[in-house]
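> sharing a model that was predicted from the sequence below.
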Amino acid sequence: MTTSKRESVGGRIERGGAIPGLDCPSFTLKAPATSPVPVVIAVPHGGRDYPDHVLRAMRDSEFSSLRLEDRLIDEIGVEVARLTGAVLLEAHAPRAMLDLNRSRDDVDWGMIKGARPHPIRHSQANRRARSGLGLVPRRLPGFGEIWRQSLTREELEARIEGIHQPYHAALGRELVRVRDQWGQALLLDLHSMPPLKPSNGESQMPKFVLGDRFGTSCDASLVNHAYRFLEEKGQVVSHNRPYAGGYVLDTHGAVQNGIHAIQIEVCRSTYLDARQEQLSPKARTLVKMLAGLVQDLGAMTARMMGRGDLRNAAE
């Protein structure tokens, strides 16, 4: 695993980690030389760099990859960061190999060959794995098993070392750096979701879901502003339902230390074509709206540095 950093008048580019089976980094971090906002945009589920052996091991690689990826949301994140000057952390490793929004302990050991922990404890740590969508996804609803064969313990550890560890280490360092520079920092963990299905007679389903781990990962004023901002743009918004955030927010959100974290789920119908495979002209409208949101939330976060209790807790 290697990390390369390049400094220039335009800022810093860090390429780190390694995708097992490919000669390429598992993430890229781009930080402007001077950022106008204390915001880090992270895109953990947009990666599309698949090793050949991974594709061969999938029962239906085209179907499963399309279902697992936050399809092309990384391209939305790139444009939003470019327009706003926010820091961008972009994962290249696909979610099919390893889900960056899961704990490294959230493993379905039934899909792993070789030595395993003894005893295996069923707890909150691996509850997602038991549903089929743990650290390495195993099953998809309505489709079943993703893989033709089991994964070796050695391959699992290589993925954790090359993908999971360096990504979260880079994200943690960058959030601390931004917090130390501004007094406060905001992480926007950018995801996309398939269109939600109506229930209980609802006629309009949310196009955006804001998650803050039920109030624990972010100051309420920032989440409330994000909610109002999107509503004023004519969007239907939900808060924490059905997505409240996961491992990323649990790990990196630390309000008491001046680091706030919000998960933003964007409906794929707002920026993809009818087949939900390629960007549509609607993507430009989404980019512009999210850029406005980043600028507003960035300004609010910067003004929060005057809250002495938070600043003192961070020092």
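On my side now, so go ahead. Residues are numbered from 1 along each chain as shown.
> list the buried ones in stretch 96-109?
Neighbour-count burial for stretch 96-109, counted by 16 or more other CB atoms under 10 Å, picks out 96-104, 106-108. Quick note: C-beta positions are derived from backbone N, CA and C, even for glycine.
> so of those, which ones are in helices?
Among the buried residues of stretch 96-109, no residue falls in helices (DSSP state H).
> what's the farthest-apart pair in these?
96 and 103 (17.8 Å; CB to CB).
> ok, for the residue nearest the centre of the chain, nearest residue in space, not its chain neighbours?
For the chain, residue 44 is the residue whose C-alpha lies nearest the centre (CA atoms, centre = their mean; 3.5 Å). Nearest non-adjacent residue to residue 44, counting by CB to CB, 6 or more residues apart in numbering: residue 100, 3.8 Å away.
> just how off-centre is stretch 138-154 within its chain?
Remark: stretch 138-154 is offset 22 Å from the chain centroid, using CA atoms, centre = their mean, to the nearest Å.
> average pLDDT for it?
Computed over stretch 138-154, the mean pLDDT rounds to 95.
> got the CA coordinates for it in PDB?
Extracted in PDB, the C-alpha atoms of stretch 138-154 (Å, rounded to 0.1, in the frame of the first residue of the first chain):
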ATOM      1  CA  ARG A 138     -23.100 -11.100   0.100                       C
ATOM      2  CA  ARG A 139     -26.800 -10.900  -1.100                       C
ATOM      3  CA  LEU A 140     -29.100  -8.500  -2.900                       C
ATOM      4  CA  PRO A 141     -32.900  -8.400  -2.200                       C
ATOM      5  CA  GLY A 142     -34.700 -10.100  -5.000                       C
ATOM      6  CA  PHE A 143     -31.500 -11.500  -6.500                       C
ATOM      7  CA  GLY A 144     -29.800 -13.700  -3.800                       C
ATOM      8  CA  GLU A 145     -26.200 -14.600  -3.600                       C
ATOM      9  CA  ILE A 146     -23.800 -12.100  -5.400                       C
ATOM     10  CA  TRP A 147     -20.800 -14.400  -5.500                       C
ATOM     11  CA  ARG A 148     -20.000 -17.700  -7.200                       C
ATOM     12  CA  GLN A 149     -17.400 -18.700  -4.600                       C
ATOM     13  CA  SER A 150     -16.300 -17.900  -1.100                       C
ATOM     14  CA  LEU A 151     -13.700 -15.200  -0.200                       C
ATOM     15  CA  THR A 152     -10.400 -16.200   1.400                       C
ATOM     16  CA  ARG A 153      -9.400 -14.700   4.800                       C
ATOM     17  CA  GLU A 154      -6.200 -13.400   3.100                       C
END
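> could you measure the residue nearest to residue 44 against residue 173, distance?
16 Å (CB to CB, to the nearest Å).
> check which helix or strand residue 12 maps to.
Per DSSP states H and E, residue 12 falls inside strand 11-16.
> which element follows that strand toward the C-terminus?
With elements assigned by DSSP H and E, the helix or strand that comes after strand 11-16 is strand 27-32.
> and that next one, what's its mean pLDDT?
97.
> what pairs with that strand, and is each one parallel or antiparallel?
strand 11-16 (antiparallel), strand 87-91 (antiparallel) (DSSP bridges).
> residue boundaries of the strands in the stretch 51-200 of the chain?
With DSSP state E, counting those that start in this stretch, the ranges of strands along the stretch 51-200 of the chain come out as 87-91, 112-113, 139-140, 144-145, 151-152, 185-193.
> each with direction, which strands does the second one pair with?
Yep, that's strand 112-113 we're talking about. strand 151-152 (parallel).
> wait, doesn't residue 149 sit right on residue 57?
Yes: here residue 149 reaches residue 57: they are 5.8 Å apart, a contact under CB atoms under 8 Å.
> which strands or helices does the helix ranked longest in the chain pack on?
In the chain, taking DSSP H as the definition, the longest helix is helix 282-303. Other elements packing on helix 282-303 under the criterion 3 or more CB pairs under 8 Å, 6 or more residues apart in numbering; DSSP states H and E are strand 39-43, helix 73-84, strand 185-193, helix 220-232, strand 259-267.
> tell me which of those sits most buried.
Across these, averaging neighbours per residue (mean count of other CB atoms under 10 Å) puts strand 39-43 on top, at a mean of 27.
> can I get it in PDB? Just the C-alpha atoms.
This file holds the C-alpha atoms of strand 39-43, laid out as PDB (Å, rounded to 0.1, in the frame of the first residue of the first chain):
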ATOM      1  CA  VAL A  39     -16.400  21.400   4.200                       C
ATOM      2  CA  VAL A  40     -15.100  17.900   3.200                       C
ATOM      3  CA  ILE A  41     -17.200  16.100   0.700                       C
ATOM      4  CA  ALA A  42     -16.700  12.300   0.800                       C
ATOM      5  CA  VAL A  43     -18.100   9.800  -1.800                       C
END
